[in-house]
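Novice: sharing a sequence plus its predicted fold:
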Amino acid sequence: EAQVTQNPRYLITVTGKKLTVTCSQNMNHEYMSWYRQDPGLGLRQIYYSMNVEVTDKGDVPEGYKVSRKEKRNFPLILESPSPNQTSLYFCASSLYGQTNEQFFGPGTRLTVL
Amino acid sequence: DQQVKQNSPSLSVQEGRISILNCDYTNSMFDYFLWYKKYPAEGPTFLISISSIKDKNEDGRFTVFLNKSAKHLSLHIVPSQPGDSAVYFCAGNAGNMLTFGGGTRLMVKP
């Protein structure tokens, strides 16, 4: 089944404790992206990647890191999480040049205390 | 400053009637506009898109209208069904980035 998977689905952590949210897709998509969803603000793009070893900042990259060492994986790293990073995070992927139609993962709900 | 705005946080309609969801944007560089649908505890799913050079695109019960001079787009769902109850996000695509609105929660009552 074609899908985007994220792990973990739920995470409660404390300020300053480094964490990684994994994202994997099995559709051989070149493009991958991370979004955060906050009430009233919709989805805001954090980082995106056009292909392996190619990443770029989105609208709200501060406090996040990403890497794209393999085509199928695009982990999101919070080196020192803060409470304002409490949010619902989505990973998405699409074919190159078809970023209109992105396939989203189920989401990761992160709470930073 | 939000480049894409959905001014109605929620909308309630009767089954069988038309649902109209609205969206305004400010970025003239958007070359495509999209609508995504989101159910609780799931990721958004792509619904329909429209190129900035078109004014209408139809797919079954869903039609998107674009008014470039007013920087406004709308999604029409006819007839509305209870399974359409979800949060709908509009988005603009510029380069390789999607910019989303805040979403409108649609409730279709049986």
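Specialist: Received, thanks. Since the model is a prediction, treat every value here as computed from it, not as a measurement. Numbering: from 1, shown residues only, chains lettered A, B, ... in the order given.
Novice: anything in stretch A:41-54 near chain B?
Specialist: Yes. Applying C-beta under 8 Å from any C-beta of the partner chain, one finds that stretch A:41-54 is in contact with chain B at A:Leu41, A:Gly42, A:Leu43, A:Arg44, A:Gln45, A:Tyr48, A:Met50. Where you see a C-beta, it was placed from the backbone N, CA and C, and this is true even at glycine.
Novice: can you turn the buried part of the residues you listed into a ChimeraX selection?
Specialist: The following ChimeraX command selects only the buried members of these, with burial defined by 16 or more other C-beta atoms under 10 Å in any protein chain shown:
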select /A:42,43,44,45,48,50
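Novice: now render the residues of stretch A:41-54 next to chain B as a markdown table, adding pLDDT and secondary structure.
Specialist: Rendered in a markdown table, the data for the residues of stretch A:41-54 next to chain B read as follows (pLDDT from 0 to 100; DSSP: H, G, I helix; E, B strand; the rest coil):
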| residue | pLDDT | secondary structure |
| --- | --- | --- |
| A:Leu41 | 88 | coil |
| A:Gly42 | 89 | strand |
| A:Leu43 | 94 | strand |
| A:Arg44 | 95 | strand |
| A:Gln45 | 95 | strand |
| A:Tyr48 | 95 | strand |
| A:Met50 | 93 | strand |
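Novice: for the residues of stretch A:41-54 next to chain B, which one is nearest B:Leu11?
Specialist: Closest approach between those and B:Leu11, by C-beta to C-beta: A:Gly42, at 15.9 Å.
Novice: from B:Gln3, how far off is the closest one?
Specialist: 11 Å (C-beta to C-beta, to the nearest Å).
Novice: common neighbours of these two, please.
Specialist: When contacts are counted by C-beta atoms under 8 Å, 6 or more residues apart in numbering or on different chains, A:Gly42 and B:Gln3 have no shared neighbour.
Novice: list the buried residues of the top strand by length along chain B.
Specialist: Looking across chain B with DSSP state E, the single longest strand is strand B:86-94. For strand B:86-94, a neighbour-count test (16+ other C-beta under 10 Å) marks B:Ala86, B:Val87, B:Tyr88, B:Phe89, B:Cys90, B:Ala91, B:Gly92, B:Asn93 as buried.
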